[in-house]
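Asks: Next comes the sequence, and after it the predicted model I'd like to discuss.
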Amino acid sequence: MSGKSGGNGVRGASGERTTPATESDGRREDPPIPRGFGLNGNGYGSLSRQFPSTPQGAQEARHAVVRQLGQWGFGPMADVSCAVALVVAELAANAVRHGSLPGREFAVRVDYEGAASRFRIEVSDARLGRTPGEAVLPPDDRESGRGLFLVECLATRWGWEPRNPVGKTVWAEVAAPGRPSGR
């Protein structure tokens with residue numbers, strides 16, 4: 001199979017323009033299905049990174065997730081991108097504030113499960129002793145304590161589990177459209 005370059009083709013993974021190849025018997029061969037936006041052929045993508053247990057680390061986590069969502073085709077102003085970013089921001093802030101130990105980072109994992117139309121967000125820290133409680137809205141005069149309430153409002157479900165060998169993972173699932181929009 002040979003490819004031709006021309007002005008009427010589509011952009012390939014490397015950015016060059018390509019056109020569908022023609023086989024020797026004259027039949028036109030369809031171009032391969034693009035796996036654009038960093039998703040595999042089944043519409044699944046994953047981001048997993050560690051960040052310093054500092055307020056700046058929590059901010060970096062949110063920015064990294066928003067960038068990844070953009071690569072998956074979910075623009076930064078899309079409702080689902082805003083929801084996922086807010087959930088990551090709140091869980092990362094909690095990991096920094098309540099789950100950090102000196103010299104230990106926290107981990108963020110975001111999976112886009114296209115077939116299930118959801119994002120699964122996991123934030124893991126090094127401290128098991130401080131586990132999340134019930135998500136309640138605090139009194140108006142409190143300046144903090146609304147993070148898990150926001151997570152509960154945005155997520156279809158959430159919870160936590162012990163992490164092996166140490167710490168805990170707080171997770172949330174956010175409903176997503178079945179397919180990301182094109183660019």
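Replies: Right, received. Where do you want to start?
Asks: For the rest of this, base every contact and every neighbour count on C-alpha atoms.
Replies: Noted.
Asks: need the longest helix for this protein.
Replies: In the chain, assigned by DSSP state H, the helix with the most residues is helix 79-98.
Asks: now the angle from whichever helix or strand comes after it to helix 79-98?
Replies: Sequence order places strand 106-113 as the next helix or strand after helix 79-98, per DSSP states H and E. Calculated by axes from the mean of the first three to the mean of the last three C-alpha atoms, to 10 degrees, strand 106-113 forms an angle of 160 degrees with helix 79-98.
Asks: got the contact list for the closest residue to Lys168 other than its chain neighbours?
Replies: The shortest distance from Lys168 to any residue that is not its chain neighbour, by C-alpha to C-alpha, 6 or more residues apart in numbering, is 4.3 Å, and that residue is Pro162. With contacts defined as C-alpha atoms under 8 Å, 6 or more residues apart in numbering, the neighbours of Pro162 are 128, 168-169.
Asks: Return the member of the residues you listed nearest to Phe51.
Replies: Compare each of the contacts of Pro162 with Phe51 using C-alpha to C-alpha and the shortest gap goes to Thr169, at 14.5 Å.
Asks: Going along the chain, name the strands of the chain.
Replies: 10-11, 17-18, 44-51, 106-113, 118-125, 157-162, 168-175 (DSSP state E).
Asks: Which stretch among the ones you listed is buried most, on average?
Replies: Counting by mean count of other C-alpha atoms under 10 Å, strand 118-125 has the highest mean neighbour count of those, with a mean of 24.
Asks: low-confidence ranges in the protein?
Replies: Low-confidence regions of the chain, defined here as pLDDT under 70, cover residues 1-38, 41, 130-146, 178-183.
Asks: ok, now with 90
Replies: 1-44, 97-103, 114-116, 126-150, 152-153, 163-167, 176-183 (pLDDT under 90).
Asks: what does the longest helix of the chain contact?
Replies: Outside of helix 79-98, the residues that reach it under the criterion C-alpha under 8 Å, 6+ apart are 53-55, 58-59, 61-63, 65-66, 69, 74-76, 106, 108, 119, 121, 123-125, 127, 130, 147-148, 150-151, 154-155, 170, 172, 174-176.
Asks: CA-only coordinates of that helix in CSV, if you can.
Replies: Extracted in CSV, the C-alpha atoms of helix 79-98 (Å, rounded to 0.1, in the frame of the first residue of the first chain):
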residue,chain,number,x,y,z
ASP,A,79,-19.3,21.8,30.9
VAL,A,80,-17.7,18.4,31.4
SER,A,81,-14.2,19.9,31.4
CYS,A,82,-15.2,22.4,34.0
ALA,A,83,-16.7,19.7,36.1
VAL,A,84,-13.7,17.4,35.9
ALA,A,85,-11.3,20.3,36.6
LEU,A,86,-13.3,21.3,39.7
VAL,A,87,-13.4,17.8,41.0
VAL,A,88,-9.6,17.4,40.5
ALA,A,89,-9.0,20.8,42.1
GLU,A,90,-11.0,19.9,45.2
LEU,A,91,-9.6,16.4,45.7
ALA,A,92,-6.1,17.6,45.0
ALA,A,93,-6.5,20.5,47.5
ASN,A,94,-7.8,18.0,50.1
ALA,A,95,-4.8,15.7,49.4
VAL,A,96,-2.4,18.6,50.0
ARG,A,97,-4.3,19.9,53.1
HIS,A,98,-5.3,16.6,54.8
